[in-house]
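>>> next come a sequence and a model predicted from it.
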Amino acid sequence: MAKSLPPNIVFLLADDLGWNDVGFRGSQQVKTPVIDALAKEGLILNNYYTLSMCTPSRASLMTGRYAMRTGLQHKVIVGGQRLGLPLEFKLMPEFLNDLGYESHAMGKWHLGSFHKSYLPTSRGFTSFYGAYNGKGDYFDHWDTEVGMAGLDWHLDDGRNSTDAHFDYGVYGTRALALRAEKIILEHDFKSKPLFLYVPFLAPHSALGHDPIQVPRDTEGQVTGTWHAQRRKYLGMLKELDDAVGKIMEALKTFGGEEVMKNTMVMFSSDNGGAPNGMNLNWGSNYPLRSTKGYYYEGGSRAVALVWGEMFKKRTGQVSTEMMHITDWLPTLFEAAVGDKDAVEQTLKKFDLDGFSMFDVLTGKNKTSPRTEFVFGFDPLENAKAMRVGRYKYILNPDNRFNGEYDGWYQAPGERPGVNETMIEGHSPSQILCGEVPEGVDLSCYSQKTKLRECLYDIERDPCEYYNLVDDKKYQNEKDNLLNRKTLGEVTATSNASSYRLRVQSETVWARLETVDGRSDHSRERGILVQPKTLRGVRGIPSEKTGTLKIV
């Protein structure tokens, strides 16, 4: 294979995988030998953050921008919703295609499918196989959302898009691995590099009538817990791990040693697990606080690792350098182009929020270029969260779910009344905080300001036990967080006829959200809704009238 070819890029994205749901953390009930081997031979990212929900994380991954700068920061796109990742943004596969890559995706898209221009094959991927929406049945591949139901399993080669009825009954995780194997087998590695994006549905819960689904033969192999749903979830993890193994084996078998040496693998979850509340899947973020959907660590501090010959200087290490999901695009771009000046020009030209972490991940630089990031800003919920250095500030974290799921949740153990046990010292990637302290106010509330706000020292208190917001010693840190202009101050104004988001004085494009003059539920997302039929156009509110101006 020609040495001049850029590295093949394989990006494996798990869905709602809990912080503690990989074997390398030391759980005595979680068995993920393939993922553990990649971690041992690669680099574990222990200070890595995503958004707290599916659509926002995917938007940030694909664009290199904070989700709030794409208009997709509020919850997720639901089935049938006329909403998608704005077309004006150039996505990761389009950047890589410009460098000679061939890009394929299989798995869960969740970035809009109401119009063909929003489909993966219109956004840079040569082919797509899988689901357009956020969840579905793992066997019959149907989705039921917002009063609608139908098959959500598709095969699109860029010319023809068909419903994949032929895979009825094939377990979704296995089907995605088979598709990945086929793409790898047919790819000509000697002529062009491959970008393989595999956003698994697993281990996201399925539909309400049967939320945790796994083949019976796999479930029968699982031990370590008495709890039926947790046992099924562990089976889903086994299926996920097996699928990762099949993809790695396909690269080795069909590509050979040279392809393996020229391939970089990224494994990440899109957010934290769901041990309680929305999309409950019996995952475990313990000892991190809370679940997906929250600004607490359990919602956004995610499992991640990198593997490949280019990371050999850091083999077996655990990185504590700060990294955010927006950093993947510039990082992979630098890996592909090999030119720092080109990376800087791209960051500036496309106004990306991400940093290239390539030198940090490869061991050329010990200091992360990232020292701060925004967890999120949601004007509909009057909520925001940000981190600068070791300190983290949250305002109104409970507005989304009324604070029902802001605790600490341990997975069920071998018998009722016993929790999952850990092998302490198993890995430096473990976080151990001890029991939740008694006699400590664990609420996110300030007695001084009477606001639902909290300040945490994440380096000393990663489990978010101690709210420092009223402590005089930390007022400078709080003020510093609230005054960070580099984080992008976001303001919002709204009235009965329009909604506008501004990020660093730039208007985010409002999305079309009506059909035949009738507003749909997308108004709840804070998206501009106007009584006019619109298809595939962009618009912004008029400053004077609040009506839609087609651009």
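Yep, that arrived.
>>> got the buried residues for stretch 387-397?
Buried residues in stretch 387-397, counting neighbours by 16 or more other Cβ atoms under 10 Å, are found at Arg387, Val388, Tyr391, Lys392, Tyr393, Ile394, Leu395, Asn396, Pro397. All C-beta spots, glycine's among them, are computed from the backbone N, C-alpha and C.
>>> tell me the least confident of those residues?
Lowest pLDDT of the buried residues of stretch 387-397: Pro397, 86.
>>> ok, back up a step: now for the buried residues of stretch 387-397: which two are most distant?
Farthest pair in the buried residues of stretch 387-397 (Cβ to Cβ) is Val388 and Asn396. Separation: 18.9 Å.
>>> which of the buried residues of stretch 387-397 fall in helices?
Taking DSSP state H, every one of the buried residues of stretch 387-397 sits outside helices.
>>> tell me which of those residues is nearest to Met92?
With Cβ to Cβ as the yardstick, the closest approach to Met92 among these comes from Arg387, at 24.0 Å.
>>> quick check: bridge partners of that closest one?
Beta-bridge pairing for Arg387 (DSSP bridges): Phe373, Lys392.
>>> what's Ile44 in contact with, if anything?
Phe24, Ala304, Leu305, Gln317, Val318, Ser319, Ser427, Ser429 (Cβ atoms under 8 Å, 6 or more residues apart in numbering).
>>> which of those residues lies closest to Asn262?
Within the contacts of Ile44, the smallest distance to Asn262 is 18.8 Å, found for Leu305 (Cβ to Cβ).
>>> circling back: which of the buried residues of stretch 387-397 lies closest to Thr223?
Pro397 (36.3 Å).
>>> what about that closest one, distance to Gly147?
Distance from Pro397 to Gly147, counting by Cβ to Cβ, to the nearest Å: 30 Å.
>>> in the sheet, who's paired with Trp142?
In this entry, Trp142 is beta-bridged to Leu151, by DSSP bridges.
>>> would you confirm that it contacts Gly150?
Yes. The pair Trp142 / Gly150 is scored as a contact, 6.6 Å apart, by Cβ atoms under 8 Å.
>>> stretch 147-156: end-to-end distance?
Length of stretch 147-156, first residue to last, Cα to Cα, to the nearest Å: 26 Å.
>>> buried stuff in it?
Neighbour counts over stretch 147-156 (16+ other Cβ under 10 Å) mark Leu151, Asp152, Trp153, His154, Leu155, Asp156 as buried.
>>> contact partners for the fifth one?
Which is Leu155. So Leu155 contacts Ser127, Phe128, Tyr129, Ser161, Thr162, Ala164 (Cβ under 8 Å, 6+ apart).
>>> from Lys384, how far off is Leu240?
For Leu240 relative to Lys384 (Cβ to Cβ), the value is 33 Å.
>>> of those two, which one has the most company?
Leu240 (26 against 22; other Cβ atoms under 10 Å).
>>> ok, and the closest non-adjacent residue to that one?
Ala202 (4.5 Å; Cβ to Cβ, 6 or more residues apart in numbering).
>>> before we move on, the earlier item: which one of the contacts of Leu155 is nearest Leu85?
Taking Cβ to Cβ as the measure, Leu85 sits nearest to Phe128 out of the contacts of Leu155, at 14.1 Å.
>>> before we go further, the closest one is sitting in a strand, right?
Yes. Applying DSSP: H, G, I helix; E, B strand; the rest coil, one finds Phe128 inside a strand.
>>> burial measure for the closest residue to it other than its chain neighbours, as a count.
Leaving out its chain neighbours, the residue that sits closest to Phe128 by Cβ to Cβ, 6+ apart is Pro120, at 3.9 Å. Applying other Cβ under 10 Å, we find 30 other residues in the vicinity of Pro120.
>>> didn't Pro120 look like it was pressed against Gly158?
No. With contact defined as Cβ under 8 Å, Pro120 and Gly158 do not form a contacting pair (9.3 Å).
>>> what are the ranges of the strands in the stretch 1-150 of the chain?
8-14, 43-45, 48-49, 102-108, 127-131, 142-145, 148-151 (DSSP state E, counting those that start in this stretch).
>>> could you dump those into TSV with distance to Leu85 and mean pLDDT added?
Below are the strands of the stretch 1-150 of the chain laid out as TSV (distance: least, Cβ to Cβ, whole Å; pLDDT from 0 to 100):
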stretch	distance to Leu85	mean pLDDT
strand 8-14	15	98
strand 43-45	25	98
strand 48-49	20	98
strand 102-108	13	98
strand 127-131	14	97
strand 142-145	18	89
strand 148-151	21	88
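>>> any chance of these in a markdown table with distance to Arg216 as columns?
Putting those into a markdown table (distance: least, Cβ to Cβ, whole Å) gives the following:
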| stretch | distance to Arg216 |
| --- | --- |
| strand 8-14 | 22 |
| strand 43-45 | 33 |
| strand 48-49 | 35 |
| strand 102-108 | 23 |
| strand 127-131 | 23 |
| strand 142-145 | 20 |
| strand 148-151 | 23 |
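>>> centroid-nearest residue for the protein?
Asp270 (2.2 Å; Cα atoms, centre = their mean).
>>> ok, back up a step: highest neighbour count among the contacts of Ile44?
Compared across the contacts of Ile44, Leu305 has the highest neighbour count, 27 neighbours, by other Cβ under 10 Å.
>>> which SS state does that residue fall under?
strand.
>>> kindly list the longest helix within this structure.
helix 228-250.
>>> now it: buried residues?
230-248, 250.
>>> need the residues that contact stretch 61-69.
13, 51, 55-57, 59-60, 70, 73, 85, 89-92, 111, 123, 270, 325-330, 350-354, 374, 376-378, 488, 490, 501, 503, 506, 508.
>>> hang on, the earlier thing: show me what contacts the residue nearest to Phe128?
Ala105, Trp109, Phe128, Asp156 are the contacts of Pro120 under Cβ under 8 Å, 6+ apart.
>>> ok, and the most crowded of those residues?
Highest count within these by other Cβ under 10 Å belongs to Trp109, 29 neighbours.
>>> without its sequence neighbours, what residue ends up closest to it?
Using Cβ to Cβ, 6+ apart, the closest residue to Trp109 is Tyr132 (5.0 Å).
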